[in-house]
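**Student:** need coordinates for the following:
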Amino acid sequence: MRIRSAVVIEENDHLLVIKRVKNEQTYFVFPGGQVEQEETVEQAAIREALEEAGVIVELLELLCMVPFNGKQFYYRAKIVGGEVGAGTGPEYSQPELYTGTFEPMWLAKKDVTTLDVRPLEVVEMITGKN
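**Tutor:** Numbering: from 1, shown residues only. Reported below is the predicted structural model:
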């Protein structure tokens, strides 16, 4: 079973997301990825935040688990170091292995319901809309 872990970071009414442009589609996801062997879901969330967004985070709480092609865990987190946009993951060091582009960015919380932000279950929890 596939297990993924991601972080939901909110600052000043903005959410940290990864803008994806892939196969002529533009959508937004929360920084996260595959849990590696011998790694906990918490460790994966922290590692993925650094690799994808360039930030060091402290996990605050498990927000939810979304069943999708396995299990996806989403943690509320806060930034304690690093710099948004300084990701060092394979998406940036080996872009030839990936389809499309990855761009860490701040998205106004008021816009998350009008754009294609995935997964919808997390958006609904954050905004209180369902």
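
**Student:** so where is this protein shaky, pLDDT-wise?
**Tutor:** Low-confidence segments of the chain, defined by pLDDT under 70, span residues 97, 129-130.

**Student:** where do the helices sit along it?
**Tutor:** Assignment of helices within the chain using DSSP state H yields the ranges 41-48, 90-93, 120-127.

**Student:** quick one: buried residues of the last one?
**Tutor:** Residues 121-123, 125-126 are the ones in helix 120-127 that count as buried (16 or more other Cβ atoms under 10 Å). (Each C-beta comes from the backbone N, C-alpha and C, glycine too.)

**Student:** now render the residues you listed as CSV, adding distance to Pro104.
**Tutor:** Shown next, in CSV, are these (distance: Cβ to Cβ, whole Å):
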residue, distance to Pro104
Glu121, 22
Val122, 17
Val123, 18
Met125, 21
Ile126, 18
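
**Student:** between those, which is nearest Asp13?
**Tutor:** Ile126 (11.3 Å; Cβ to Cβ).

**Student:** state the distance from that closest one to Gln37.
**Tutor:** Here Ile126 is placed at a distance of 31 Å from Gln37 (Cβ to Cβ, to the nearest Å).

**Student:** before we move on, the earlier item: among the helices of the chain, which is nearest Tyr75?
**Tutor:** Closest among those, once you apply Cβ to Cβ, is helix 41-48, at 5.0 Å.

**Student:** what's the separation between the closest residue to Glu51 other than its chain neighbours and Phe68?
**Tutor:** Ranked by Cβ to Cβ, 6 or more residues apart in numbering and with sequence neighbours excluded, the top spatial neighbour of Glu51 is Gly89, at 3.0 Å. To Phe68, Gly89 is 21 Å away according to Cβ to Cβ.

**Student:** neighbour count winner among the two?
**Tutor:** Gly89 (18 against 12; other Cβ atoms under 10 Å).

**Student:** list the contacts for that one?
**Tutor:** The contact partners of Gly89, taken as Cβ atoms under 8 Å, 6 or more residues apart in numbering, are 33, 48, 50-52.

**Student:** and which of those residues is nearest to Glu58?
**Tutor:** Leu50 (12.2 Å).
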